[in-house]
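Engineer: pasting the sequence and the predicted coordinates here, then a few questions.
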Amino acid sequence: MNLLFITWNVDPVMFYLGDRGIRWYGFLLAMGFLMGYLILSRQMKKEGFQQLVIDKLAIYVIIGVVVGLRLGHCLFYNPGYYLSNPLEILKIWEGGLASHGGAAGILLAVWLYSRKSKITYLSLLDKTVLIVPLAGGMVRLGNLMNSEIIGIKTSVPWAFKFLKNKEDLLPAISTSGGKCEFTDLNCLAEFWTPRHPTQLYEAIFYFLMFIAFYFIYQKFIKKWKPGVFLGWFIIVLFVFRYFIEFTKVDPVEFEGWTEAIRMGQLLSIPFIFLGLFLIGRGYGWFNKKVKNE
């Protein structure tokens, strides 16, 4: 037994209001949006935008990202279940969000608002994505509290034993050799499968990314053409998303490739190319003419 393994059996419900449970996931999601709004509002005020403009943009973005996050998860990762149980799509507080869907939702929401406000689309996106990693980090902490989006098996000393992951229950009972009752999680914890805490990996990365890109924004946004900041942001985010998928459990795989590719990786590739295009556009790579010698 490795004493450094972390046994994780946190109740996803913070507290109850009558019969209604207030979940950590919903609380952290709301806090992510609130902090993001406050930071975006402060930054845009510094740039001379009126509060009404900021509030309208925030409404568009919140609706776009929530709808995109949820529909992305339902349609990309488990379409059969949600099409058979459409009301389950509305239970966003229980978890199940896809960052790729959220990214698409932001792109669409800001485009719709830019058409209405007559503010440059790429300029608005540069400002909006600044707060995305902060909200993303809070969502991943919510995933951790729900014991979802768990990682593959590992023996690293910081591995988590997710006792609420029932797929590990039977292996733990078998490994215990009859020493533990199947209801005695305290006993079974010794034999539980240790896994990568991928939610924690992502949360830490997103918080660090927010700090880094906040300072990059302050230093370079006036020097760069609209869209360049967004391009770098997209590349860093989705290159990370591509590689973090290797630590996650239960990937969706597709036939016909030389090697299996996971859904999260497949969805990241178009965004990486979009980021490269935005950087190239900003630096004028596509406008250079070949000189005749």
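Structural biologist: Received it, and whenever you're ready, just let me know what you need.
Engineer: my guess is G227 meets D126, correct?
Structural biologist: Yes. Applying C-beta atoms under 8 Å as the test, G227 and D126 come out as touching, 7.0 Å apart. Placement of C-beta: from N, CA and C, glycine included.
Engineer: let me know how buried A135 is, in neighbour terms.
Structural biologist: Neighbour count of A135, defined by other C-beta atoms under 10 Å: 25.
Engineer: I'd like the numbering to begin with 28 instead of 1 from here.
Structural biologist: Sure, I'll start numbering at 28, so the last one becomes A162.
Engineer: what about the helices in the stretch 78-227 of the chain?
Structural biologist: Counting by DSSP state H, counting those that start in this stretch, one finds helices in the stretch 78-227 of the chain at the ranges 78-104, 106-111, 126-144, 148-155, 159-173, 196-203, 212-215, 225-247.
Engineer: any idea of the mean pLDDT in the second one?
Structural biologist: Mean per-residue pLDDT for helix 106-111: 81.
Engineer: quick check: buried residues in that helix?
Structural biologist: Y109 (16 or more other C-beta atoms under 10 Å).
Engineer: quick revisit: out of the helices of the stretch 78-227 of the chain, nearest to W35?
Structural biologist: helix 159-173 (7.9 Å; C-beta to C-beta).
Engineer: quick one: closest of the helices of the stretch 78-227 of the chain to Y269.
Structural biologist: Of the helices of the stretch 78-227 of the chain, nearest to Y269 by C-beta to C-beta is helix 126-144, at 11.0 Å.
Engineer: packing partners for the closest one?
Structural biologist: With contacts defined as 3 or more C-beta pairs under 8 Å, 6 or more residues apart in numbering; DSSP states H and E, helix 126-144 has these neighbours: helix 78-104, helix 148-155, helix 255-271, helix 290-310.
Engineer: got the buried residues for it?
Structural biologist: For helix 126-144, by 16+ other C-beta under 10 Å, it's 126-134, 136-137, 140-141.
Engineer: now it and helix 225-247, what's the angle there?
Structural biologist: With axes from the mean of the first three to the mean of the last three C-alpha atoms, to 10 degrees applied, the angle from helix 126-144 to helix 225-247 works out at 30 degrees.
Engineer: and helix 126-144, how far from the chain's centre?
Structural biologist: 16 Å (C-alpha atoms, centre = their mean, to the nearest Å).
Engineer: pull the CA atoms of it into PDB?
Structural biologist: Output in PDB follows, covering the C-alpha atoms of helix 126-144 (Å, rounded to 0.1, in the frame of the first residue of the first chain):
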ATOM      1  CA  SER A 126     -14.900  22.700 -23.300                       C
ATOM      2  CA  HIS A 127     -14.900  22.400 -27.100                       C
ATOM      3  CA  GLY A 128     -18.700  23.100 -27.100                       C
ATOM      4  CA  GLY A 129     -18.100  26.000 -24.800                       C
ATOM      5  CA  ALA A 130     -15.500  27.400 -27.100                       C
ATOM      6  CA  ALA A 131     -17.900  27.200 -30.100                       C
ATOM      7  CA  GLY A 132     -20.600  28.800 -28.000                       C
ATOM      8  CA  ILE A 133     -18.300  31.800 -27.100                       C
ATOM      9  CA  LEU A 134     -17.400  32.200 -30.800                       C
ATOM     10  CA  LEU A 135     -21.000  32.300 -31.800                       C
ATOM     11  CA  ALA A 136     -22.300  34.500 -29.000                       C
ATOM     12  CA  VAL A 137     -19.600  37.100 -29.400                       C
ATOM     13  CA  TRP A 138     -20.200  37.100 -33.200                       C
ATOM     14  CA  LEU A 139     -23.900  37.800 -32.600                       C
ATOM     15  CA  TYR A 140     -23.200  40.600 -30.200                       C
ATOM     16  CA  SER A 141     -20.600  42.200 -32.400                       C
ATOM     17  CA  ARG A 142     -23.200  42.400 -35.200                       C
ATOM     18  CA  LYS A 143     -25.500  44.100 -32.900                       C
ATOM     19  CA  SER A 144     -23.000  46.400 -31.200                       C
END
